[in-house]
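Q: Only the shape, not the letters, is given here:
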């Protein structure tokens, strides 16, 4: 099971995309028309073999729009994990008593996904997705490999969910994923192929949510310098994109 895509939500899609391009050194972004049925527009950036998505409401009454209102601005929205066995993954969701809010099986079973209700795991929408071949990624579009740039950013390697009760949230995610959560001080971690999910106490007064994600980069200081020039460093000196902290990991 691997962390394949992080989705953020923002009111200003063009502005968020411009910041991502400048700070993380990304180029191509796929406009997935399929999110239109949820009242959204988006851009999906490939970062190595992983993806960073920004969704933005284009009409009233969307789940994404309500999240922006609830959390007082842009922020984290969704965690998408790739699984090797979608049947087993769906069985774990059911055994954990979690609801599925969206499910699809496409292209004669070569692509499948299940979205878990955020209230049943906490912090974000969780999607478990299956692709064959394993290297394929439907949500990146048909030519995403042509747009990959890794001279600055290499890949997304972690996600951080904050909670008033991080222990309970970690336990819910652990049950749905069938993976153990281990404690490291105030942090609980679920290990993934090439990355991790962390569960921490609320840090910013915005309540439960996807508060940060980790990106492996070649030169963290250079990335911070670009972010600072664009006014995208927070009070602790961390990069922020679309209302979400970006923890830079040395590649």
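A: That came through, no problem. Source: prediction; values computed, not measured.

Q: Please count neighbours and contacts with C-alpha atoms only from this point.
A: Will do.

Q: where's residue 135 relative to residue 119, distance?
A: Noted for residue 135: a distance of 30 Å to residue 119, by Cα to Cα, to the nearest Å.

Q: quick one: which of the two has more around it?
A: residue 119 (11 against 8; other Cα atoms under 10 Å).

Q: In which helix or strand does that one reside?
A: Following DSSP states H and E, one finds residue 119 within helix 118-121.

Q: That helix packs against which elements?
A: Secondary-structure packing of helix 118-121 (3 or more Cα pairs under 8 Å, 6 or more residues apart in numbering; DSSP states H and E): helix 166-177.

Q: what lines up beside the next helix or strand after the helix it packs on in the sheet?
A: Downstream of helix 166-177, the first helix or strand assigned by DSSP H and E is strand 181-184. Neighbouring strands of strand 181-184 in its sheet, by DSSP bridges, are strand 187-192 (antiparallel).

Q: can you list contacts of the strand it pairs with?
A: 1-3, 166-167, 170, 174, 179-183, 196-201 (Cα atoms under 8 Å, 6 or more residues apart in numbering).

Q: Report the angle between it and helix 166-177.
A: 10 degrees (axes from the mean of the first three to the mean of the last three Cα atoms, to 10 degrees).

Q: thinking again about what came up before, chain center to the helix holding residue 119: distance?
A: From the chain centre to the centre of helix 118-121 is a distance of 15 Å (Cα atoms, centre = their mean, to the nearest Å).

Q: Pull out the buried residues from it.
A: 118, 120, 121 (16 or more other Cα atoms under 10 Å).

Q: same check, this time on stretch 237-246
A: 238, 239, 240, 241, 242, 243, 244, 245, 246.

Q: start to end distance for it?
A: OK, stretch 237-246 end separation, Cα to Cα: 10 Å.

Q: now it: mean pLDDT?
A: Summarised as a single mean, pLDDT over stretch 237-246 is 96.

Q: Which residues outside it are in contact with it?
A: 8-10, 16, 19-20, 73-76, 210-215, 224, 227-228, 232-234, 247.

Q: show me where the stretch 51-200 of the chain has helices.
A: Secondary structure of the stretch 51-200 of the chain by DSSP state H, counting those that start in this stretch: the helices cover 63-71, 86-95, 118-121, 166-177.

Q: for those helices, which one sits closest to residue 142?
A: The closest approach between residue 142 and any of those, judged by Cα to Cα, belongs to helix 86-95 at 22.1 Å.

Q: Okay, buried residues for that closest one please.
A: For helix 86-95, by 16+ other Cα under 10 Å, it's 86, 89, 90, 92, 93.

Q: and the closest residue in space to the third one that isn't next to it in sequence, how many neighbours?
A: This means residue 90. Closest residue in space to residue 90, ignoring its immediate chain neighbours: residue 114 at 7.3 Å, by Cα to Cα, 6 or more residues apart in numbering. Neighbours of residue 114 under the rule other Cα under 10 Å: 22.

Q: show me the residues around residue 114 that make contact.
A: 90, 100, 101, 102, 103, 104, 127, 128, 129.

Q: what's the neighbour count on the residue nearest to residue 68 when sequence neighbours are not counted?
A: In space, residue 68 comes closest to residue 74 once its chain neighbours are excluded; the distance is 5.6 Å by Cα to Cα, 6+ apart. By other Cα under 10 Å, the residues close to residue 74 number 23.

Q: what is the orientation angle of the strand ranked longest in the chain with strand 187-192?
A: Assignment by DSSP state E gives strand 153-163 as the longest strand of the chain. With the same axes, to 10 degrees defining the directions, strand 153-163 sits at 130 degrees from strand 187-192.
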